[in-house]
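[1] any chance you could fold what I've pasted below:
(4 chains)
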Protein chains: 2
Amino acid sequence: MQQELKSEFTKQLIIDKAFNLFYEHGFKTTSIDKIMKETALSKGAFYHHYKSKKELGLEVIQLKVQKRVVDGMIAPLKEPGNAFDILESVFINRLKEFPFYDKQHGCPMNNFINELGDNEVLYQTALKSIIEKWKAALIELIERGKRENSIKQEISNQAVAVYLISSFEGIRGIRKLYDNDAILVDYLSGLQLYLKQIKV
Amino acid sequence: MQQELKSEFTKQLIIDKAFNLFYEHGFKTTSIDKIMKETALSKGAFYHHYKSKKELGLEVIQLKVQKRVVDGMIAPLKEPGNAFDILESVFINRLKEFPFYDKQHGCPMNNFINELGDNEVLYQTALKSIIEKWKAALIELIERGKRENSIKQEISNQAVAVYLISSFEGIRGIRKLYDNDAILVDYLSGLQLYLKQIKV
DNA sequence: ATATAAAAATACCAGTTAGTATGTTTTTGT
DNA sequence: ACAAAAACATACTAACTGGTATTTTTATAT
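    Residues are numbered from 1 along each chain as shown, chains lettered A, B, ... in the order given. Down below sits the predicted model:
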């Protein structure tokens, strides 16, 4: 039982260090050696717990990347309250709250999507699953807004959800290029305009 | 003179093959060896014309990546005609016209941004320059629309420009994950809604 | 024609890559 | 106490990486 705990602890350590390195330097250009140097364990330990780098990549996506999106963008949508207000505050506040490091390095999910999204069907599926969860939560919130009459009836839930996600991920990438938040301010004004269109 | 032409031809050949490989497999994971195998020339030839892989990367961005964006998204904005109609048709038609290969592999510029945007200031500057050109052309078109009264006066040119670019680049990445165009259809509906908001 | 310079080829380097083979140490059930 | 298994370490491989040094081929100017 103590062994099982140790194993779990080690795997978590590897996943954590791997996520940080993938986030900062990309998946393909982060080597197992670099990851294991961070954990202060050996390569042998890695290949005892994982059969390949691909397996680790998938776990990082499913456990770390997904968690970030769920905690930051999906779970808040399910809180009680005025649906429109929630939509507005989640998209606007989340972007403002990012630390400098996260603005500089973009969205981990978006990074994975752009690096691996056209590569391997397993990565594709894992990433698609996160997007679909996000989309479903948005659709449900918009529907809620329609029921409580805070969001216009005539708009397409799907379309608004996809458009919001697209622009959010797009700006998280573009922001990397700049050394200040001016572009984010423009994005937020543009987003406000969009939200005004769906508000009842 | 014949020598100069030959040199120019070779450089162009290297740039073309490099662009294709970068587009399909990413910049960092495409080796000089692979590029030169495509050109059927030797590594010696490469390092005769380029001092480093970084120098090639910059030329690919400045010559090939930029040209794609200019030809597809910027130049059409400068054509004569109703400003709103142009805005609508460029964003909508361009997305529909992409061949399968381009849908699968996303936007070359966006790929570079996400892979190298937080890496090196030289890449950053080269990519930022394309975004700024695009943004400027959009702002000018929106201004034109305001003058001819096809676009609402009260909206912020900057904000709309940045939001349009963000969502476009975002969806080009996300589309990679899917094997059909359903997500693009949703995006286009969402975009239509946005454009309706700025139409006079 | 020939010296010179540009273009390209060949051979190489030291470092890195994912992954393997084979150990040693630690935990566990008996 | 001890055999088995799990956790981890060490040493290694073959292929690949960006880049260099050196030589051969081709074009050019006189």
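[2] scan chain A for its longest helix.
    helix A:121-147 (DSSP state H).
[3] which other helices and strands contact the very next helix or strand once past it?
    Downstream of helix A:121-147, the next assigned helix or strand under DSSP states H and E is helix A:157-174. Here helix A:157-174 touches helix A:83-97, helix A:108-116, helix A:121-147, helix A:182-198, helix B:108-116, helix B:157-174, helix B:182-198, going by 3 or more CB pairs under 8 Å, 6 or more residues apart in numbering or on different chains; DSSP states H and E. In this view, the C-beta of every residue, glycine as well, is placed from N, C-alpha and C.
[4] out of those helices, which is closest to B:K54?
    Checking these against B:K54 by CB to CB gives helix B:108-116 as the closest, at 9.8 Å.
[5] and that closest one, is it in reach of chain A?
    Yes. Helix B:108-116 comes into contact with chain A (CB under 8 Å from any CB of the partner chain), by way of B:110-111, B:113-115.
[6] domains in chain A, by residue range?
    Annotated domains of chain A cover A:1-50, A:60-198 [automatic domain parsing].
[7] next up, the contacts around the residue positioned nearest the centre of chain A.
    Nearest residue to the geometric centre of chain A (CA atoms, centre = their mean): A:V69, 3.8 Å. With contact set as CB atoms under 8 Å, 6 or more residues apart in numbering or on different chains, A:V69 has these partners: A:109, A:130, A:133-134.
[8] next secondary structure after the helix or strand of chain A with the lowest mean pLDDT?
    Every helix and strand of chain A was ranked by mean pLDDT, DSSP states H and E. The lowest is helix A:2-25, at a mean of 93. Later in the chain than helix A:2-25, the nearest helix or strand by DSSP H and E is helix A:32-39.
[9] for that following helix, packing partners?
    helix A:2-25, helix A:43-49.
[10] the host helix or strand of the residue nearest to the centre of chain A: how far from the chain's middle?
    Here A:V69 sits within helix A:66-69, counting by DSSP H and E. Relative to the centre of its chain, helix A:66-69 is centred 5 Å away, using CA atoms, centre = their mean, to the nearest Å.
[11] for that helix, give the mean pLDDT please.
    Per-residue pLDDT over helix A:66-69 has a mean of 98.
[12] buried residues of it, list them for me.
    In terms of neighbour count (16 or more other CB atoms under 10 Å in any protein chain shown), helix A:66-69 has its buried residues at A:66, A:68-69.
[13] quick one: which of these is nearest chain B?
    Nearest to chain B out of the buried residues of helix A:66-69 is A:V69 (CB to the nearest CB; 12.8 Å).
[14] tell me how far the closest one lies from DNA strand C.
    Separation of A:V69 from DNA strand C (CB to the nearest atom of the strand, to the nearest Å) stands at 25 Å.
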